[in-house]
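Asker: Have a look at this prediction, sequence included:
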Amino acid sequence: MFVRRIKRANGQVSIVLVEGYRENGKVKQRTVEYLGTESELTKNDPDAVNKLIEKYRNEQNKKEAFIKLTINLAEKISDRNTLRNYGYFYLDRMYQELGLDNICEKIQSQTDIEYSIDDCLKFLCFMRVLKPNSKKASLEKGFDFFMEDYEIKIEQLYKSLTLFHEYKNEIVERMHNQLCEKYNRNTEILYYDVTNYFFEIDEADDFRKKGCSKEHRPNPIVQMGLFIDNQGLPVDFYLYDGNTADCSTLKPSFEDVKHRYASEKVIITADKGLNSGPNLGYILSSGNGYIVSQKIRGASKQLKSLVLSDEGWHFNSQHDFKFKEFIREITVPYPDGTKHLHRQKVVCIWSEKYQVKEKNARDNLLDKIALLAANPTKFKQSCHTGMKKYIDEYSVDKTTGLKNKTVTTQTELNLEKISEDEALDGYYLIVTSETQLSLSEVISKYRGLWRIEESFRITKTDLKGRPVFVRTREHIEAHFLTCFISLTMLRMLELRLKHQYSGRKIIDGLNSAMATELSKDIYSLNRRESVVDELDKILGINFDSRYVRIEDLKRYHSKILKSMYTTP
């Protein structure tokens, strides 16, 4: 039996109890009981009708709780997969929260494409999270991975990549607007960093070029600049030629992101690789601010002197950590060529733990130098990073004992340079244009930068964003768009789960939600990890049956998509 709404001629909606029966082999329905009008039933409880529907649905399920299965031990192994994932239901919820189904519908209406663009984007993003692979391998291995069958051909998938590249800005803007509405996004603080991704090709081209690889690979790369907000949610990404210097990516990226997403004033937070005079000048000249780290080695003598001064330090109780702050004036070059005097707050931090780490790193380097120093030829051939940092090369005439460039090259340690670096071990600096911020506020805002570094790690390792198996610039851009969307969905789930689980644990949890087909439309659910149970709890859903029908899984999917929205 089940509850049905029947609209009468007078406009009233009657709620009746209906049962199905068979007559002459045909399935028919009849009314068993009149329960009242919808207005009467919902007068004191707006959810009364839904409760009645759920009540009789549960009763019907209890009646049908026992079924008979016949197992044919002679049956051969099927050539199709009987194991399906349903953890993607939660990714589908995030996908809808981002409004991606709506933007795909809009794009579809503007083209004459007959296949589903929405299915292509869903498939690419869900596979990127749960079973990342090349586009071709994803189609071969992913068709029977989900509870629903995606009817997508490889040529359609590649055509959709071209389309996603064309509409990249509209897609990302839609995501941004949804995050502002549903996740209270604030873009007054933006974190920015740059990384690169390698390609399994031998020859560079106009876009994929040889550059300074973060992974020390010889392969051609592309550069990516990424902005995230103070919650760790991605804002936008920008791709550059592989040989583009990190520091030169900030200006064009920031001009675009500020124009499209940000408020009147934005404080850019970045690491020391982006801390250059031109970058700071550009940020300040456009009315914005910065919080960036500052190299202590290579800094001016005046700054080193202020840092190493004994005045102004505050120690913790164990005396293994200290900090101080001061204001200094620096000259900053603006884009128009003028120079401006600028007040900058400097936050100095010293940590014993960091001091030991730096000392050990230098000692290891000196050990390697000692092995090579005895053989100048091998030393010259070495390309080890920093190998020549503490070495002076000179030539000595053995007959006179005087230095002579025309004879054999000798090497010796620069003990003065080693001593200078030892004095700076354990110190690191954060500088900001926001002189009104307290020391703790500066440190707190800067520490949010670790989330962008983690985002790069997740994209490269967990989402397997590289190596990249597409060739054209349009498809490369679209590939990283799917990585960007996948990363955003993971971050949204992290927020939902109040950061109890890492991105890796969320992926593993969603992959643990598997259903094994026992017979046609009857499934056995495997043991799933606590991530899924916690997500059900957050959404107010109870789904813990071991054996279910396909209808139950579809109903579960629908509940996840339609559950009450709450701001995390």
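Answerer: Done, it's in.
Asker: Going by C-alpha atoms from here, please, whenever you check contacts or count neighbours.
Answerer: Will do.
Asker: in the stretch 451-568 of the chain, which spans are strands?
Answerer: Counting by DSSP state E, counting those that start in this stretch, the stretch 451-568 of the chain has strands at residues 514-519, 522-525, 547-549.
Asker: Dump those strands to TSV, plus mean pLDDT and distance to residue 3.
Answerer: Formatted as TSV, these follow (pLDDT from 0 to 100; distance: least, C-alpha to C-alpha, whole Å):
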stretch	mean pLDDT	distance to residue 3
strand 514-519	88	29
strand 522-525	89	24
strand 547-549	88	20
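Asker: so which of these comes closest to residue 118?
Answerer: Across these, residue 118 has its closest neighbour in strand 514-519 (23.6 Å, C-alpha to C-alpha).
Asker: Pull out the buried residues from that closest one.
Answerer: Neighbour-count burial for strand 514-519 flags 514, 515, 516, 517, 518 (criterion: 16 or more other C-alpha atoms under 10 Å).
Asker: Off-centre distance for the host helix or strand of residue 141?
Answerer: Using DSSP states H and E, the element containing residue 141 is helix 135-142. Here helix 135-142 shows a centroid-to-chain-centroid distance of 22 Å under the convention C-alpha atoms, centre = their mean, to the nearest Å.
Asker: what packs against it?
Answerer: If contacts are counted by 3 or more C-alpha pairs under 8 Å, 6 or more residues apart in numbering; DSSP states H and E, helix 135-142 sits against helix 117-130, helix 154-166.
Asker: and the first one, what's its mean pLDDT?
Answerer: Per-residue pLDDT over helix 117-130 has a mean of 95.
Asker: now that helix and helix 154-166, what's the angle there?
Answerer: If you take axes from the mean of the first three to the mean of the last three C-alpha atoms, to 10 degrees, helix 117-130 sits at 90 degrees to helix 154-166.
Asker: what sits up against helix 117-130?
Answerer: Helix 117-130 has contacts (C-alpha atoms under 8 Å, 6 or more residues apart in numbering) with 88, 91-92, 95, 100-101, 104-105, 108, 133, 135, 138, 142, 150, 152, 157, 160, 462-464, 482-483, 485-486, 507, 510-511.
Asker: any weak-confidence spans in the chain?
Answerer: Across the chain, the ranges flagged by pLDDT under 70 are 1, 21-25, 27, 58-70, 79-80, 372-388, 392-412, 565-568.
Asker: quick one: contacts for residue 268?
Answerer: Residue 268 touches 189, 190, 191, 192, 288, 289, 290, 291, 292, counting by C-alpha under 8 Å, 6+ apart.
Asker: before we move on, what SS does the last one have?
Answerer: Using DSSP: H, G, I helix; E, B strand; the rest coil as the criterion, the local structure at residue 292 reads strand.
Asker: quick thing: my sequence starts at 344, can you match it?
Answerer: Fine by me, first position is 344 from now on; the one you just mentioned is residue 635.
Asker: Could you check how far the nearest residue to it once chain neighbours are set aside is from residue 572?
Answerer: Spatial nearest neighbour of residue 635, excluding adjacent residues (C-alpha to C-alpha, 6 or more residues apart in numbering): residue 613 at 5.0 Å. Plainly put, residue 613 is 12 Å away from residue 572 if you go by C-alpha to C-alpha, to the nearest Å.
Asker: Find residues that contact each of those two.
Answerer: Common contacts of residue 613 and residue 572, defined by C-alpha under 8 Å, 6+ apart, comprise residue 534.
Asker: May I have stretch 645-663 exported as CSV, CA atoms only?
Answerer: The C-alpha trace of stretch 645-663 is given here as CSV (Å, rounded to 0.1, in the frame of the first residue of the first chain):
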residue,chain,number,x,y,z
GLN,A,645,70.0,46.6,7.5
LEU,A,646,67.2,44.1,7.7
LYS,A,647,69.5,41.3,8.9
SER,A,648,70.8,43.7,11.6
LEU,A,649,67.2,44.5,12.8
VAL,A,650,66.4,40.8,12.9
LEU,A,651,69.5,39.7,14.8
SER,A,652,69.3,42.5,17.3
ASP,A,653,68.5,41.3,20.8
GLU,A,654,65.9,43.9,21.3
GLY,A,655,62.1,43.3,21.2
TRP,A,656,62.1,39.5,21.4
HIS,A,657,59.4,37.6,23.3
PHE,A,658,60.1,34.0,24.3
ASN,A,659,57.8,31.1,25.1
SER,A,660,58.2,29.3,28.5
GLN,A,661,60.5,26.7,27.0
HIS,A,662,62.7,29.3,25.3
ASP,A,663,62.7,27.2,22.1
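Asker: Pull the residues that contact it.
Answerer: The contact list for stretch 645-663, computed with C-alpha under 8 Å, 6+ apart, reads 639, 664, 665, 666, 667, 668, 691, 694, 695, 696.
Asker: ok, 7 Å please
Answerer: 639, 664, 665, 666, 667, 691, 694, 695 (C-alpha atoms under 7 Å, 6 or more residues apart in numbering).
Asker: Look up how far residue 699 lies from the closest residue to the last one other than its chain neighbours.
Answerer: By that I understand residue 695. Distances taken as C-alpha to C-alpha, 6+ apart place residue 663 nearest to residue 695, at 5.1 Å, with adjacent residues excluded. Distance, residue 663 to residue 699, using C-alpha to C-alpha: 11 Å.
Asker: can you pull the buried residues of stretch 761-772?
Answerer: For stretch 761-772, the neighbour count (16+ other C-alpha under 10 Å) marks 764, 767, 768, 769, 770, 771, 772 as buried.
Asker: quick one: contacts of that stretch?
Answerer: Stretch 761-772 has contacts (C-alpha under 7 Å, 6+ apart) with 636-639, 689-695, 697-698, 701-702, 733.
Asker: try stretch 814-822
Answerer: Here stretch 814-822 makes contact (C-alpha under 7 Å, 6+ apart) with 504, 505, 507, 508, 813.
Asker: what's the most distant pair in those?
Answerer: 507 and 813 (14.0 Å).
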